[in-house]
Structure formats: structure tokens, C-alpha cells
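> here is the input, now give the coordinates:
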Amino acid sequence: MEPQKEARTPRDPVARLPGASRSQKPDEEERREGCSAPAATAFDAEADGTSADGLWELPVEPAERRPECSRCSRPQKVCLCPFLPLHPLHISTHLYIIQHPAEENKVLRTVPLLAACLPQDKCKVKIGRRFSEERDPELSTVCRKSDTLILYPGAEAANLEEFILDSPIYPSTIIIIDGTWSQAKDIFYKNSLFRLPKQVQLKTSISSQYVIRAQPTNRCLSTLECAAVALSILEKNNYIQETLLRPLQALCSFQLQHGAQIRLSKEHLLKNGLYPKPMPKNKRKLRKMELLMNSIKI
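Residues are numbered from 1 along each chain as shown. Predicted structure coming up:
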């Protein structure tokens, strides 16, 4: 569940906060793969009196990336565009996705699918961990508006459906944080801007269809699913939810057909004695585990 010069969508250059760096691990792996010589080659080099260390200085050809679809950001061979709406959905709500940098390079992320279904001027993705008025004046202005909401569960969060019935000002903008639950929590609590909008949450009994990625509890939804439910409520149009979930269903179906497995939530594993790891010794983490095991099933 992040920022820079301009909001980033899958169709625009990425906007990045100062200090928000892309992981270097893939590049390091490519260097190791590209530069590693076969054992026989290294042996011959030593036989010729050449230091094997010199092999690391040889030029490396960058790993060739599979061509990606410009709309859904998936490899062209597994493009999901047939499951996207022919034209972007007509909505009046503005959606801001605050994305943790670690989500940007994940293969099975849902935000590109979400952005591909919505008008470019209605869905903006900002990537980063820390936000301020100086770094992102646009986001600061949005957070200070009385008709902006932030979707983040908690004791202070109002039920979205109930809130819009009683609110004198109908919401025009909603902010959603994209990342793991720990990443989202870090972004929410370490950026004072995100505590300016009214905090809301979804009260829904639907189970996540994003079954190829594990969730903490049975009630957790992916970013795309949260946006689908929230937009259908704000726009008073259930067709929006159905349309946004279609590419996610297709993605999961394809992955399961090609070897992926259904990932059960940590809550389900704990309650059914299937959790594969030993219980933590840290009291705080152990308390979290106990809360999951004792939580009420929906």
C-alpha cells in the first residue's frame, strides 16, 4: 500500500520519492548468472596463467525481458486484456494508490490490472514510503480536502457504507495503501498526511479471490478487491465490482492451471493446526498469533 514528481500509472513513468530505491537483487542475480564461467573455462584460464578473478571484468549481456503488454503489464504470451473492459470504466471517484516500493517488481501484483480498467485521470499510483507536503504537494492537497477518504481498517475507521449515508459531503476521492499488511501499517502510521482524511473500512463478508497469494486472515482482500468493493459502493454500481474482479479471477485461474497452489491464510492454518512453522518466542508476535487463532470466523 507511495510518491514523486508525478503520479505513476502502469502507462506512465514511475514517480519515485527521494530515497525510495528499487531492489538491486535481480540485477545482482543477472550479473552472477551472466558472468559466471563454466568450470572448464575457469580451469583453462588458470592453466594459461590468467587469474579467474579477471573473468568478472568481462562485459555482460543484460538478461532479455519478455515483451510486456502495454495495457495490463503482463507478458504478452499471458496477456489478460481479453478480461479487461473494452473501454475504461466511467467513474466520478478519484482513486489514489499509495504503493510500497517492494510491490513494484512483484510479478503477480494486482494494481496494474486495476489501473488498466480505470480512466488514467481517475487512478493515480504513487510509489514510496515517506510522504510530506514538501515532497508531494499534490498528495498533501488531496489529503487535506474534506471529501477525501482513506481506506485503512482500525478502531477509528467508520464503515464506508454507513459513512456515506450520514456524511454531509459526498466523498470524491479515496486513498488505498498497497503492500503487505506490515508495509501498509508502516506507511499509514509514519506519514501524518494519511491521518488527515476520514478513515474508513469495508464491512463485507466476501472472501478474497486472490488465492495465489497468502493473506494474514480470512477477511483480508487484495488492493484490487478493496478498490472494487469501495468504488462499487461510492459509485452505487455493482457492475464496477464485477468488472474489476474479472481479470483477477482470470489471473488466478491461469496460475493454478500452470502449477500454482491455493494459498490459505495464516488464520486458517493456525485454527486448523496446519501452520508449518514453530510458534514465535517473542511475546508480541505470539500475541498476534493467538489473536488470529481466537478471532471470530465470518
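> using CSV, write down the CA coordinates of the longest helix seen in the chain.
As assigned by DSSP state H, the longest helix anywhere in the chain is helix 238-257. What follows is helix 238-257, C-alpha atoms only, in CSV (Å, rounded to 0.1, in the frame of the first residue of the first chain):
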residue,chain,number,x,y,z
ASN,A,238,-22.2,-3.3,-8.5
TYR,A,239,-21.2,-3.8,-12.1
ILE,A,240,-17.9,-2.0,-11.3
GLN,A,241,-17.0,-4.7,-8.7
GLU,A,242,-17.8,-7.5,-11.2
THR,A,243,-15.8,-5.9,-13.9
LEU,A,244,-12.7,-5.2,-11.8
LEU,A,245,-12.6,-8.7,-10.3
ARG,A,246,-12.8,-10.4,-13.8
PRO,A,247,-9.1,-10.0,-14.6
LEU,A,248,-8.1,-11.1,-11.1
GLN,A,249,-10.1,-14.2,-11.4
ALA,A,250,-8.5,-14.9,-14.8
LEU,A,251,-5.0,-14.4,-13.4
CYS,A,252,-5.6,-16.8,-10.5
SER,A,253,-7.2,-19.4,-12.8
PHE,A,254,-4.2,-19.3,-15.2
GLN,A,255,-1.7,-19.6,-12.4
LEU,A,256,-3.5,-22.5,-10.8
GLN,A,257,-3.7,-24.3,-14.2
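> packing partners of it?
In this structure, helix 238-257 packs against helix 111-117, helix 223-234, with contacts taken as 3 or more Cβ pairs under 8 Å, 6 or more residues apart in numbering; DSSP states H and E. C-beta coordinates here come from the backbone N, C-alpha and C atoms, glycine included.
> can you tell me which of those helices is most buried?
Highest mean neighbour count among the helices and strands packed on helix 238-257 (mean count of other Cβ atoms under 10 Å): helix 111-117, with a mean of 26.
> packing partners of that helix?
strand 94-99, strand 123-127, helix 223-234, helix 238-257.
> what's next to that helix, contact-wise?
9-11, 71-74, 80-81, 84-85, 88-89, 97, 99, 103, 123, 125, 178, 223-224, 227-228, 243-244, 247-248, 251 (Cβ atoms under 8 Å, 6 or more residues apart in numbering).
> okay, buried residues for the longest helix of the chain please.
Residues Ile240, Gln241, Thr243, Leu244, Leu245, Arg246, Pro247, Leu248, Ala250, Leu251, Cys252, Gln255 are the ones in helix 238-257 that count as buried (16 or more other Cβ atoms under 10 Å).
> and the helices in the stretch 151-298 of the chain?
Counting by DSSP state H, counting those that start in this stretch, the stretch 151-298 of the chain has these helices, from start to end: 160-166, 181-189, 223-234, 238-257, 266-271, 283-294.
> what angle do the second one and helix 223-234 make?
In this case it means helix 181-189. 50 degrees (axes from the mean of the first three to the mean of the last three Cα atoms, to 10 degrees).
> may I see the buried residues of helix 181-189?
Here helix 181-189 shows Gln183, Ala184, Asp186, Ile187, Phe188 as buried, counting by 16+ other Cβ under 10 Å.
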